[in-house]
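> 3D model of this:
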Amino acid sequence: MNYGMGAYKKTSLRTASKEQILLMLYQAAIASCRKAIVCIEDDNIAGKGEHIAKLQDIIVELSNSLDFKIGGDVAQELSSLYDYLLHTSTQANINKDPKLLKSCLSVLEILYQGWKDAIKSLKSSEAENSAPNANVNGAG
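Numbering: from 1, shown residues only. Reported below is the predicted structural model:
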């Protein structure tokens with residue numbers, strides 16, 4: 001059963017669009033952050049470290065994918081937010097402070113929802129632009 005799930009995840013990742021991969025990264029970061037919060041609250045030090053490390057790996061990946069030439073100010077703002085997330089999650093790890101991770105979680109959820117809405121809007125706009133126009137030949 002575990003093999004099947006692993007194969008499914010690999011196939012999903014290989015066939016996903018860039019937008020879907022971005023959303024999957026945010027979902028994984030959010031899940032890791034939530035798990036780390038629970039680990040801190042349960043005094044599970046090993047789990048805390050593992051989940052914060054996963055969270056930080058994802059944030060680094062998101063940061064490395066920024067294109068400052070295309071993204072301009074938005075990329076710069078995202079870079080600053082990713083730096084904040086890395087710093088705050090490190091402090092949460094050192095101080096075993098779930099409040100700091102809850103702050104990270106809030107930022108991640110806002111970013112995820114923003115990207116989700118932007119992608120939905122973009123796809124909706126693309127669909128409208130590619131739909132055939134009934135009045136092209138004067139009909140209607």
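> Just give the closest residue to the residue most central in space within the chain, not the sequence neighbours.
In the chain, the residue lying closest to the centroid (C-alpha atoms, centre = their mean) is residue 26, at 1.6 Å. The shortest distance from residue 26 to any non-neighbouring residue, by C-beta to C-beta, 6 or more residues apart in numbering, is to residue 112 (4.0 Å). For every residue, glycine as well, the C-beta is placed using N, CA and C.
> circling back: who touches the residue nearest to the centre of the chain in this structure?
Residues in contact with residue 26 (C-beta atoms under 8 Å, 6 or more residues apart in numbering) are 62, 108, 111-112, 115.
> Regarding it, which helix or strand does it belong to?
helix 18-41 (DSSP states H and E).
> picking up where we left off before, ranking the contacts of residue 26 by neighbours, who comes first?
Within the contacts of residue 26, most neighbours by other C-beta atoms under 10 Å means residue 108, with 24 neighbours.
> What segments of this protein are helices?
For the chain, the helices defined by DSSP state H occupy 2-15, 18-41, 45-64, 68-95, 98-130.
> Take the ones you listed and write them to JSON lines, including mean pLDDT.
Shown next, in JSON lines, are the helices of the chain (pLDDT from 0 to 100):
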{"stretch": "helix 2-15", "mean pLDDT": "55"}
{"stretch": "helix 18-41", "mean pLDDT": "97"}
{"stretch": "helix 45-64", "mean pLDDT": "98"}
{"stretch": "helix 68-95", "mean pLDDT": "96"}
{"stretch": "helix 98-130", "mean pLDDT": "91"}
